[in-house]
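>>> test case, fold it:
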Amino acid sequence: MTASVLLKKIGQIFLPITIGTAIYAFGLIYFILPNQLMEGGVTGITVLLKYALNISPSLSTLIINIPLFLIGWRSLGRTQMVYSIYGVLSLTFFLWFFEQAVELGYIDPFRTEQDMILATLYAGVTLGAGLGIVFRFGGTTGGVDIIARIANRKLSVSMGQFILFLDIFIIGSSLFFITKEKILYTLVTVFISSKMIDFIQEGAYAAKAFTIITDEPHAIADQITKELERGVTLIPAIGYYSKAEKQMVYCVVSRAELRRIKSIAKSIDPKAFIIVSEVHDVLGEGFKED
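Residues are numbered from 1 along each chain as shown. Next comes the predicted model:
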């Protein structure tokens, strides 16, 4: 691997994973722990160990994940393993960094009993944003997926079911150390976090797909190409009732262009039948490059 390729790899993959783990670690130390909230997965186990035995999350994160990677290295590809190990090491470092910053008084954690909703919302946003960035660039922050893959192979349990069961077990176990009200707040945090992950991975690139059934396909396609500079595809179609042959106009545009493309279609063919669909991931000219 040449130096230029290595630098490109660092900038495009390892730097975003580093930023993501830093955001996630900050949310955990600044919002979750001071307010005795919980998390799922391996991170949830580290939080539980903090509440039960006062073990540092940075230490337990590393100790728990090392054997998981040794056990499950065959279930991960080489590239995925490298990104995952880097993600865990980066998370461990930032957890330690923010722990030290709190201990030395450089950061005053957000503690509240009067406005737990505020703590819950910000915890969900920061954790979700951090994880979303890490996942988008192929990293992970723990080995739950490894455990789930082993369970799927040995016990024929689906990965989704196993992860859900593990999260329920971990969060449920925290009832011995935190109140049921905090558990309910945790569920809100987990929900917000999951939505934030989806937004980071897909929502930022959301677009609209238009399928226009019309008697003027070429005129509409020409106008879309001229005004929006978007690629257009004409798809042959036959109306089942009328048996008439038509062409459907298919085009993907950004949300900002939604009104313009509707206006173009209706101005040329007021009887055009327009179908608008959500598109969450678009690659190609005029959109993101992955």
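
>>> for the helix or strand encompassing residue 278, what is the average pLDDT?
Here residue 278 sits within strand 273-279, counting by DSSP states H and E. Throughout strand 273-279, pLDDT has a mean value of 85.

>>> quickly run through the sheet partners of it, with directions.
strand 207-214 (antiparallel) (DSSP bridges).

>>> give me the contact list for the next helix or strand after the strand it pairs with.
Per DSSP H and E, strand 207-214 leads on to helix 217-228 as the next helix or strand towards the C-terminus. By Cβ atoms under 8 Å, 6 or more residues apart in numbering, the list of residues contacting helix 217-228 from outside reads 212, 214, 230-232, 234, 246-249, 251, 253, 257, 260-261, 264-265, 268-269, 272. In short, each C-beta sits where N, CA and C put it, glycine included.

>>> please flag which of those residues sit within strands.
Those of these mapping onto strands are 212, 214, 234, 246-249, 251, 253, per DSSP state E.

>>> got phi/psi on the closest residue to residue 197 other than its chain neighbours?
Nearest residue to residue 197 in three dimensions, chain neighbours excluded: residue 132, at 4.2 Å (Cβ to Cβ, 6 or more residues apart in numbering). Listed backbone geometry of residue 132 is phi -60, psi -40, with angles given as degrees, to the nearest 10.

>>> what of residue 117?
The phi/psi pair for residue 117 (degrees, to the nearest 10) is phi -60, psi -40.

>>> do the same with residue 176
Dihedral angles (degrees, to the nearest 10) for residue 176: phi -70, psi -20.

>>> ok, now residue 115?
phi -130, psi 70.

>>> so what's the residue count around it?
10 (other Cβ atoms under 10 Å).

>>> contact partners of stretch 262-272?
Against stretch 262-272 from outside (Cβ under 8 Å, 6+ apart): 210, 212-216, 219-220, 223-224, 227-228, 249, 274.

>>> give me that answer again for 10 Å
208, 210, 212-224, 226-228, 249, 251, 257, 273-274, 276 (Cβ atoms under 10 Å, 6 or more residues apart in numbering).

>>> residue 140 touches residue 147, doesn't it?
No - contact criterion Cβ atoms under 10 Å: residue 140 and residue 147 do not qualify, at 11.9 Å.

>>> of these two, who's got more company?
residue 140 (25 against 20).

>>> sec struct for the more buried one, please.
Assigned with DSSP: H, G, I helix; E, B strand; the rest coil, residue 140 falls in the coil class.
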